[in-house]
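A.B. asks: whatever this is, show me its structure:
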Amino acid sequence: MKFWKHTFVAMAAFVGIGSTVLYTSCEKDGCLELRCLNGGACSDGFCRCPSGYEGPTCETRVVDKFPGRYMGENRCVQDTTEYPKFIDTVDIYLRDSVTLAVVQRSNAQDTFFGKAMPIDSDLGVAIRTIEFPDDSSTVNFVTKVSAELDEAKKRLTFYTQRTNLTTGVKVDCKFLGFK
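C.D. replies: Next up, the predicted model:
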């Protein structure tokens, strides 16, 4: 009888420990309770957002982070000549649901159009850019532009490089402004 008693206790302990290990090793599917918006897809408990959207559930349009008026200063350099800084303003508004229009007050005759893009950051800093076409050309000039928004600081950096097609002279300008 003692043998059966020890065998039964050992089996009960084995079943108890085995079921505890099995129960605690099961993982819940993180995608069962997560609902991704705007065409996002859940993978490993996180939403993978389509281009132009971000946030834990893809609820935020990247393009909505940019619009507004940024006031700051502009600094231009031509070859080795640095021009004095001057106060400037950049206005950004939505042209349509995905395209941003950028107008710099010191150069109001040019309006640049681009699309907002997020940049992944290892430091957790929310940085976004506006992707512009390669060259914006006017009659005598070729202009290359780029813009970067640091959302935490509400700081816009707007770069322009204007090349005179007749003389070949390049002028690089950097605007740094805040909302």
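A.B. asks: what residues of stretch 57-64 count as buried?
C.D. replies: Going by neighbour count (16 or more other C-beta atoms under 10 Å), the buried part of stretch 57-64 is 57, 58, 60, 61, 62, 63. C-betas here are computed from N, CA, C, even on glycine.
A.B. asks: ok, now how distant is residue 33 from residue 93?
C.D. replies: As judged by C-beta to C-beta, to the nearest Å, residue 33 and residue 93 stand 38 Å apart.
A.B. asks: of these two, who's got more company?
C.D. replies: residue 93 (13 against 9; other C-beta atoms under 10 Å).
A.B. asks: check contacts around the more buried one.
C.D. replies: Counting by C-beta atoms under 8 Å, 6 or more residues apart in numbering, residue 93 makes contact with 67, 100, 101.
A.B. asks: which SS class is it?
C.D. replies: Three-state assignment for residue 93 (DSSP: H, G, I helix; E, B strand; the rest coil): strand.
A.B. asks: so for it, what's the pLDDT?
C.D. replies: Predicted confidence (pLDDT) for residue 93: 93.
A.B. asks: what bridges to it?
C.D. replies: Beta-bridge partners for residue 93, by DSSP bridges, are residue 101.
A.B. asks: quickly list what residue 112 is bridged to.
C.D. replies: residue 102.
A.B. asks: residue 131 too?
C.D. replies: Bridge pairing for residue 131 - DSSP bridges - gives residue 115.
A.B. asks: now do it: how many residues are near it, please.
C.D. replies: 11.
A.B. asks: wait, isn't it in contact with residue 112?
C.D. replies: No. Residue 131 is beyond contact range of residue 112, at 11.0 Å (criterion: C-beta atoms under 8 Å).
A.B. asks: from the centroid of this structure, which residue is nearest?
C.D. replies: With distances taken as C-alpha atoms, centre = their mean, residue 118 lies nearest the centre of the chain, 1.7 Å away.
A.B. asks: now residue 35, nearest residue through space, not along the chain?
C.D. replies: Once flanking residues are discounted, residue 35 sits nearest to residue 57: 6.5 Å by C-beta to C-beta, 6 or more residues apart in numbering.
A.B. asks: now do the contacts for the one you found.
C.D. replies: Residue 57 makes contact with 34, 35, 36, 37, 40, 47, according to C-beta under 8 Å, 6+ apart.
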